[in-house]
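Undergrad: The sequence and its predicted three-dimensional model are supplied below.
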Amino acid sequence: MRKVLKAALIGSVLAVVLLPLLVGNVFLVLAHFRETLSRREAAPPAGRFVKAEDVEIFVQELGPPEGPPVLFIHGMGAWSELWRETMRPAALAGYRCLAIDVPPFGYSQRPADASYGRRSQAKRILGVLDALGVTSAVLVGHSFGAGPTVEAAMMAPERVSRLVLADAALGLGAPATAASPVASGVLGVPLLRQALIASTAGNPWLTRRLLLKFVAKPEAVTDARVTLLQQPMAVRGSARALSDWLRAFLTTNDPAMSADRANYAALTMPTLLIWGDADTVTPLSQGEELARLIRGATLQRMPGVGHMPQIEDPPAFQRSLLAFLGSAKSK
């Protein structure tokens, strides 16, 4: 009887441990056959690459070159093209609109040392401004991209004329906690973490389902937007790069200035906070706290909108942004 129970227990443990690994490896093999293009081959011709700090950043641009610069920084899992719908009306209003791919997402070069902390990303944002000859710009950061955006504003406030944060994921609600030993162990094995990414965030079969978790308006998750988010999955090494980013994100304590709420009082540039009041990822209470931390910040609530205001209610988001940008012209 004991032998039977022992065999059953071992079988159960192996099933729990090995089955997900086997499934993950199947998706990793699929990713290998999908990731066939270099980032330059896969990148859309509408953009270009510029050297920024330690990597080449993919940049897309709309609007007159002489217009006031506005730099858009996307969130986790997205890339610059997701901003195009927002950039068009701003470009027509005379602004020089720039959108970048934040590594390891999109088509930008992935850093060899997997440096994905806010400070490193902020240096790349400022490096893009240097490469394009922009002395100062409006920075627009969404979700996870708000961390590097705020970090850049804190590192070089003279380079940021205005600041716009949309449903910012800044991690100010609770102190950072280290990953569990089990999670650290799994993420420490390249094959395991790559299989994890390939079967989840890097799995095109799950793109729609994952995006739906971030919105309050499911009609915003169109076929075109799902396809758009899947495009960079053709870049060679995507699963590996995303897995390196995931390990850094979950196991490294980032000593960023923007992780300390005490530093927000030093932000003196005009600031607009755009927030979906139905956001369950970064709830409105986080936007309200941020409005208290940044002196003079304006909080614009978007009713019935979740974590992706720029795609859930594009007209309202664009009106708020253009009104804020236009207020600078009127002074």
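TA: Perfect, thanks for sending it.

Undergrad: continuing past the helix or strand of the chain with the lowest mean pLDDT, what's the next helix or strand?
TA: Least confident element among the helices and strands of the chain, by mean pLDDT, DSSP states H and E: helix 2-34 (a mean of 56). Counting by DSSP states H and E, the next helix or strand C-terminal to helix 2-34 is helix 39-42.

Undergrad: Residues contacting that following helix, please?
TA: F49, F58, Y107, S108, Q109, Q231, P232, A234, V235, R236 (Cβ atoms under 8 Å, 6 or more residues apart in numbering). Backbone N, C-alpha and C define where each C-beta goes, glycine included.

Undergrad: what comes up buried for it?
TA: R39, A42 (16 or more other Cβ atoms under 10 Å).

Undergrad: And it, how far out from the chain middle?
TA: Relative to the mean C-alpha coordinate of its chain, helix 39-42 is positioned 20 Å out (Cα atoms, centre = their mean, to the nearest Å).

Undergrad: Now do the helix or strand that it is followed by, average pLDDT.
TA: Using DSSP H and E, the helix or strand that follows helix 39-42 towards the C-terminus is strand 47-52. In this model, strand 47-52 carries a mean pLDDT of 98.

Undergrad: Identify each buried residue in the helix or strand just after strand 47-52, please.
TA: The C-terminal neighbour of strand 47-52 among helices and strands, as given by DSSP H and E, is strand 55-62. By neighbour count with 16+ other Cβ under 10 Å, strand 55-62 contains the buried residues V55, E56, I57, F58, V59, Q60, E61, L62.

Undergrad: Please name the strands paired to strand 55-62 in the sheet, noting orientation.
TA: strand 47-52 (antiparallel), strand 96-100 (antiparallel) (DSSP bridges).

Undergrad: now the helices for the stretch 201-331 of the chain?
TA: Here the stretch 201-331 of the chain has its helices, by DSSP state H, counting those that start in this stretch, at 207-212, 223-230, 238-251, 284-293, 309-312, 314-329.

Undergrad: Just the C-alphas of the third one, formatted as PDB.
TA: Coordinates of the C-alpha atoms in helix 238-251 are reproduced here as PDB (Å, rounded to 0.1, in the frame of the first residue of the first chain):
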ATOM      1  CA  SER A 238      12.000  37.900 -28.500                       C
ATOM      2  CA  ALA A 239      11.100  35.100 -26.000                       C
ATOM      3  CA  ARG A 240      14.700  35.200 -24.600                       C
ATOM      4  CA  ALA A 241      14.700  39.000 -24.300                       C
ATOM      5  CA  LEU A 242      11.300  39.100 -22.700                       C
ATOM      6  CA  SER A 243      12.300  36.400 -20.200                       C
ATOM      7  CA  ASP A 244      15.400  38.300 -19.300                       C
ATOM      8  CA  TRP A 245      13.200  41.400 -18.700                       C
ATOM      9  CA  LEU A 246      10.800  39.400 -16.600                       C
ATOM     10  CA  ARG A 247      13.600  38.100 -14.400                       C
ATOM     11  CA  ALA A 248      14.900  41.600 -13.800                       C
ATOM     12  CA  PHE A 249      11.400  42.900 -13.200                       C
ATOM     13  CA  LEU A 250      10.500  40.300 -10.600                       C
ATOM     14  CA  THR A 251      13.800  39.600  -8.800                       C
END
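
Undergrad: For that helix, buried residues please.
TA: S238, A239, R240, A241, L242, S243, D244, W245, L246, R247, A248.

Undergrad: out of the residues you listed, who's nearest A166?
TA: W245 (21.3 Å; Cβ to Cβ).

Undergrad: Drop anything exposed from the contacts of helix 39-42.
TA: Buried among the contacts of helix 39-42 (16+ other Cβ under 10 Å): F49, F58, Y107, S108, Q109, Q231, P232, A234, V235, R236.

Undergrad: Return the residues in contact with the last one.
TA: For R236, the residues meeting the contact criterion (Cβ under 8 Å, 6+ apart) are E35, T36, L37, S38, R39.

Undergrad: Can you give me the end-to-end span of stretch 213-223?
TA: 16 Å (Cα to Cα, to the nearest Å).

Undergrad: Give me the contact list for that stretch.
TA: With Cβ under 8 Å, 6+ apart as the criterion, stretch 213-223 contacts 208, 211-212, 276, 278-281, 304-308, 311-313.

Undergrad: Give me the buried entries from the residues you listed.
TA: 208, 211, 276, 278-279, 281, 305-308, 311-313.

Undergrad: okay if I get these as a markdown table plus distance to D113 and pLDDT?
TA: A markdown table is the format used below for the buried ones among the contacts of stretch 213-223 (distance: Cβ to Cβ, whole Å; pLDDT from 0 to 100):
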| residue | distance to D113 | pLDDT |
| --- | --- | --- |
| R208 | 33 | 97 |
| L211 | 30 | 97 |
| G276 | 35 | 98 |
| A278 | 39 | 98 |
| D279 | 33 | 98 |
| V281 | 29 | 97 |
| V305 | 38 | 98 |
| G306 | 35 | 98 |
| H307 | 30 | 98 |
| M308 | 31 | 98 |
| I311 | 33 | 98 |
| E312 | 36 | 98 |
| D313 | 39 | 98 |
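
Undergrad: and of those, the nearest to G147?
TA: V281 (13.9 Å).

Undergrad: wait, the closest one sits on D167?
TA: Yes. V281 lies in contact with D167 (Cβ atoms under 8 Å); the separation is 7.2 Å.
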